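J.: based on what follows, work out the 3D shape:
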Amino acid sequence: MAGRSKVAQEAFELAEPIVKSMGFDLVDCEYKKEGQYYFLRIFIDKRGGISIEDCEAVSREVDQALEGKLHADPDYFEVSSPGATRPFASLSDYVRHIGEEIEVSLFAPIDGNKHIEGIIESAGEEGLVLKVGEQTLELEWSKISKAQRTLRF
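T.: Residues are numbered from 1 along each chain as shown. The predicted structure is shown next:
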């Protein structure tokens, strides 16, 4: 991901194989100063969501792997879920949520609509296939400005 700092990118590269071996996806890493403290956060996900126990298990394994290997020493290390409404950022986000309903915002309208809700049927290098009502809609990645999970209560 282009927006990562050097420390966050180092942490991502060190943590990714560990996180994958534990059955999770490493979504992102961030290293940022909040007040007087530096925080290193990694965000994990899996189909069905993340529990506190998942975060604790990953934290124990990754913390050991990062010890003394980063170009900075964060004051705090956290493992978290990326959040249910976080916009999708990669193909793996879409693949992880196949069969689930998402909201898609488009750069230009299709049939007068710039916002579409549908169920992900597939996602690949070319784009996204959504089931919208009784229709199947194929969207190229270049047409999508934003997508995120639909949450209904």
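J.: please name the bridge partners of Glu140.
T.: Using DSSP bridges, the bridge partners assigned to Glu140 are Gly127.
J.: residues near it, how many?
T.: Counted with other Cβ atoms under 10 Å, the neighbours of Glu140 add up to 9. All C-beta atoms are positioned from the backbone trio N, CA, C, and that covers glycine.
J.: pLDDT at it, what is it?
T.: What the model reports for Glu140 is a pLDDT of 95.
J.: measure it to Lys20 for me?
T.: Glu140 is 28 Å from Lys20, where distance means Cβ to Cβ, to the nearest Å.
J.: and if you look at Lys143?
T.: Remark: distance between Lys143 and Lys20 (Cβ to Cβ) = 30 Å.
J.: which one of these two has more residues nearby?
T.: Neighbour count, other Cβ under 10 Å: between Lys143 and Lys20, Lys143 has more, with 14 against 11.
J.: shouldn't Ala89 be within a strand?
T.: No - counting by DSSP: H, G, I helix; E, B strand; the rest coil, Ala89 falls outside a strand, being coil.
J.: wait, it sits on Asp28?
T.: Yes - with contact defined as Cβ atoms under 8 Å, Ala89 counts as touching Asp28 (7.2 Å).
J.: just want to know which of the two has more residues nearby.
T.: Between Ala89 and Asp28, counted using other Cβ under 10 Å, the more crowded position is Asp28 (19 against 14).
J.: and the pLDDT for the more buried one?
T.: 90.
J.: cool, Gln9 as well?
T.: Note for Gln9: predicted pLDDT of 95.
J.: ramachandran angles for it?
T.: Per-residue torsions, Gln9: phi -70, psi -40 (degrees, to the nearest 10).
J.: excluding chain neighbours, what is closest to it?
T.: Taking Cβ to Cβ, 6 or more residues apart in numbering, and ignoring the residues beside it in sequence, Gln9 has Cys29 as its nearest neighbour in space, at 7.3 Å.
J.: what is the neighbour count of the one you found?
T.: Residues lying near Cys29 (other Cβ under 10 Å) number 23.
J.: likewise for Leu137?
T.: The local packing of Leu137 (other Cβ under 10 Å) involves 16 other residues.
J.: other SSEs contacting the helix or strand where it lies?
T.: Under the criterion of DSSP states H and E, Leu137 resides in strand 135-140. Other elements packing on strand 135-140 under the criterion 3 or more Cβ pairs under 8 Å, 6 or more residues apart in numbering; DSSP states H and E are strand 101-110, strand 113-123, strand 127-132.
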